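> Sequence and predicted structure below; questions after.
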Amino acid sequence: MRMSCWGLAFLFLSSMWTVAGCARRDGLGDGQEGTDEDAGIHGGDQDTGGAVCADGTVAEGSFRIENSWDVGALEGCERITGTLTIAGGAVLVSVSVLSSLTTVDGDLAIEGNASLSTLDGLDQLTTIGGALRIQDNSGLTDATALGGLRSLAGSLSLGGALPGATEPSFNANLTGVDFGSLETVGGDVRVQYNTRLASLGPASSLTATIGSVTVADNPSLSDLSMFGGATALGGDLTVSNCPQLAALSGLGALATIQGNVRLWDNFGLTDLSSLGSLTAVHGLLELKGNDALLALDGLGALEMAGGGVFIQNHARLESIVALGSLTQVGGEIRVSLNDRLTDLGGFAAVVSVDGAITVDQNGRLTTLGGLGLVETVGDVTIQHNPRLATLEAFGGLTTINGVVTVRFNPVLPNCVATNLFAPVATVAGSLDIGNNLDPCLSEPSPCELGQTCTERCDEVGYALCQ
């Protein structure tokens with residue numbers, strides 16, 4: 001029987017639609033590694049013959065979903081043995097047919113989705129054997145469908161730059177997440193560039209040590225609740241540029257951090273009480289640019305800062321006395337650019353500082369009270385403190401393993417600094433003391449006309465007139 005040209009064309013198009021309706025699977029052999037370019041639409045496409053799990057529940061290999069045909073081919077699958085990438089651009093609007101999926105052995109990447117608004121369909125997902133990345137999804141508003149996820153063997157990226165990219169990628173409209181069932185995270189956690197996200201959802205069940213935690217550049221975020229069960233971090237804790245974050249609620253169980261703690265530029269942060277269980281920071285403790293912070297209450301249990309303590313650029317900070325349990329400082333103590341700080345009382349229990357002590361540009365600092373027990377230090381730099389008039393509290397020093405610089409403190413007599421540091425038993429470097437107060441150069445002159453003025457530091461005063 002003859003077939004018309006129209007009939008042949010129909011059969012050809014039908015076969016093309018059938019191929020298009022198959023999930024996109026990579027063409028790599030066992031044991032081979034590949035990227036997204038290797039998988040699916042870039043030369044590795046294979047006709048899966050319709051529904052991937054039609055005869056079972058396991059999908060062998062890695063899959064990339066870009067449209068409704070791709071996602072439909074994975075209907076009924078409970079496990080994917082490789083990586084699953086959901087990258088639907090402006091086309092994909094739903095992944096609801098993935099409602100049987102419980103396990104992804106590799107990574108789960110949800111990225112570049114402009115029309116996908118929810119992750120409904122991933123409600124049964126409990127286990128990811130690799131990383132979870134939710135990045136660059138301008139249409140995504142709700143990721144609470146991941147509330148059943150219990151185990152994540154790799155890292156978690158909620159926003160942040162895409163792998164290999166240098167420019168930030170935003171989840172611009174994401175408002176809801178839920179990691180309340182999460183018990184383990186094998187890698188780092190990054191929450192970044194989520195413009196409208198106000199909460200990290202209910203507290204998780206995390207108990208094991210996880211890697212580093214970075215929460216940064218989230219202009220609406222007001223809590224860190226998802227970390228509520230974590231007792232230790234194997235890396236750093238960084239919280240920066242979250243202006244609506246007034247407290248660190250969600251970090252209350254943290255006792256040990258193996259890396260650094262960086263609290264930077266959180267302009268609304270007023271309360272550190274959620275860090276009340278923290279006893280040891282093995283790296284650097286750095287507080288910088290938290291302009292609403294008045295005190296460090298909440299750090300009262302901290303005993304060790306193995307990499308040093310930096311307290312810088314705080315417009316309203318008045319007291320650091322809450323650091324009173326701190327006895328070990330392994331690196332530098334740096335206190336600078338704190339406009340209202342009047343003393344250094346938080347270091348009252350510190351005996352040895354392995355690095356330098358730098359006290360610089362603190363507008364209302366009048367005394368170094370708090371450093372009285374320090375016996376050994378590296379370099380000492382005290383400069384540009386306009387109200388600092390005495391160094392008496394620094395009188396316990398026996399060993400300085402570096403250089404002493406005391407300059408540009410306009411009400412601190414040069415001789416006070418000289419009399420303090422010159423008798424120290426061991427000073428490895430030089431003494432650079434100058435451009436502080438010279439009473440003989442003050443106006444009006446302390447001496448009568450014709451008398452000679454000599455700077456002195458004793459009970460009589462700072463100027464001797466003869």
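Thanks, I have it. Numbers count the residues shown, from 1 in each chain.

> so the residue nearest the centre of the chain, which of the three states?
Per Cα atoms, centre = their mean, the C-alpha nearest to the average position across the chain is that of Thr238, at 1.8 Å. Following DSSP: H, G, I helix; E, B strand; the rest coil, the label given to Thr238 is strand.

> Would you quantify the distance from it to Ser277?
19 Å (Cβ to Cβ, to the nearest Å). Heads up, the C-betas are built off the backbone N, CA and C, glycines and all.

> give me the element the closest residue to Ser99 other than its chain neighbours is part of.
Counting by Cβ to Cβ, 6 or more residues apart in numbering, Gly121 is the residue found nearest to Ser99 once chain neighbours are left out, at 5.2 Å. Assessed by DSSP states H and E, Gly121 sits outside every helix and strand.

> number of nearby residues for Gly121?
For Gly121, the count of nearby residues is 18 (other Cβ atoms under 10 Å).

> you'd agree it is up against Ser100?
No. The pair Gly121 / Ser100 is not scored as a contact, 9.3 Å apart, by Cβ atoms under 8 Å.

> How much space separates the closest residue to Asn419 other than its chain neighbours from Ala425?
Distances taken as Cβ to Cβ, 6+ apart put Cys457 closest to Asn419, at 5.3 Å, once the chain neighbours are dropped. Going from Cys457 to Ala425 by Cβ to Cβ gives 20 Å.

> More neighbours: which of the two?
Set side by side, Cys457 and Ala425 show more neighbours around Cys457, with 16 against 8, by other Cβ under 10 Å.

> show me what contacts the more buried one?
Contact analysis of Cys457 by Cβ atoms under 8 Å, 6 or more residues apart in numbering lists Pro413, Cys415, Val416, Thr418, Asn419.

> again, only using 6 Å
Taking Cβ atoms under 6 Å, 6 or more residues apart in numbering, we find Cys457 in contact with Cys415, Val416, Asn419.

> Could you do Ala348 as well?
Each residue near Ala348 by Cβ under 6 Å, 6+ apart is listed here: Gly324, Gly370.

> redo that, cut-off 7 Å
Gly324, Gly370, Gly372, Leu373 (Cβ atoms under 7 Å, 6 or more residues apart in numbering).

> Dump these to TSV, plus secondary structure.
Output for the contacts of Ala348, formatted as TSV (three-state DSSP):
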residue	secondary structure
Gly324	coil
Gly370	coil
Gly372	coil
Leu373	coil
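
> Just among those residues, which is most surrounded?
Within the contacts of Ala348, most neighbours by other Cβ under 10 Å means Gly370, with 23 neighbours.

> excluding its backbone neighbours, what's nearest it?
Residue nearest to Gly370 in three dimensions, not counting chain neighbours: Leu344, with 3.5 Å by Cβ to Cβ, 6+ apart.

> Can you tell me how far the one you found is from Gln124?
Distance of Leu344 to Gln124, computed by Cβ to Cβ: 55 Å.

> Show me which of those two is the more surrounded one.
More crowded of Leu344 and Gln124, by other Cβ under 10 Å: Leu344, with 26 against 15.

> Spit out the contact partners of the more buried one.
For Leu344, the contact set (Cβ under 7 Å, 6+ apart) comprises Ile320, Val335, Leu368, Gly369, Gly370, Leu371.

> Now intersect these with the strands, please.
Among the contacts of Leu344, the subset assigned to strands under DSSP state E consists of Val335.

> Save the contacts of Leu344 as JSON lines, and put in pLDDT and distance to Asp142 too.
Output for these, formatted as JSON lines (pLDDT from 0 to 100; distance: Cβ to Cβ, whole Å):
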{"residue": "Ile320", "pLDDT": "97", "distance to Asp142": "42"}
{"residue": "Val335", "pLDDT": "98", "distance to Asp142": "44"}
{"residue": "Leu368", "pLDDT": "92", "distance to Asp142": "53"}
{"residue": "Gly369", "pLDDT": "88", "distance to Asp142": "53"}
{"residue": "Gly370", "pLDDT": "90", "distance to Asp142": "49"}
{"residue": "Leu371", "pLDDT": "92", "distance to Asp142": "52"}
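
> Relative to Ser96, which of the contacts of Leu344 is nearest.
When those are ranked by distance to Ser96 (Cβ to Cβ), Ile320 comes first, at 53.1 Å.

> From Ala322, how far off is the residue lying closest to that closest one once chain neighbours are set aside?
Closest residue to Ile320 apart from its sequence neighbours, by Cβ to Cβ, 6+ apart: Gly346 at 3.6 Å. From Gly346 across to Ala322, the span is 6 Å (Cβ to Cβ).

> what does Asp379 give?
Separation of Asp379 from Ala322 (Cβ to Cβ): 26 Å.

> Repeat that for Ala417.
Using Cβ to Cβ, Ala417 is found at 29 Å from Ala322.

> One more: Gly363?
Look at Gly363 and Ala322: by Cβ to Cβ, they are 21 Å apart.

> picking that back up, hmm, which two among the contacts of Ala348 are most spread apart?
So, the contacts of Ala348 by Cβ to Cβ: farthest apart are Gly324 and Gly372, at 12.7 Å.

> nearest spatial neighbour of Ser169, skipping sequence neighbours?
Leaving aside its sequence neighbours, Ser169 sits nearest to Asp136 (Cβ to Cβ, 6+ apart; 3.6 Å).

> Going by how many neighbours each has, rank Ala417 and Ala322 and give me the top one.
Neighbours were counted for Ala417 and for Ala322 using other Cβ under 10 Å; Ala417 has more, 26 against 19.

> Wait, Thr231 touches Leu254, no?
Yes. Using Cβ atoms under 7 Å, Thr231 is in contact with Leu254, at 6.4 Å.

> who's more crowded, those two?
Applying other Cβ under 10 Å to Thr231 and Leu254 shows that Leu254 carries more neighbours, namely 24 against 15.
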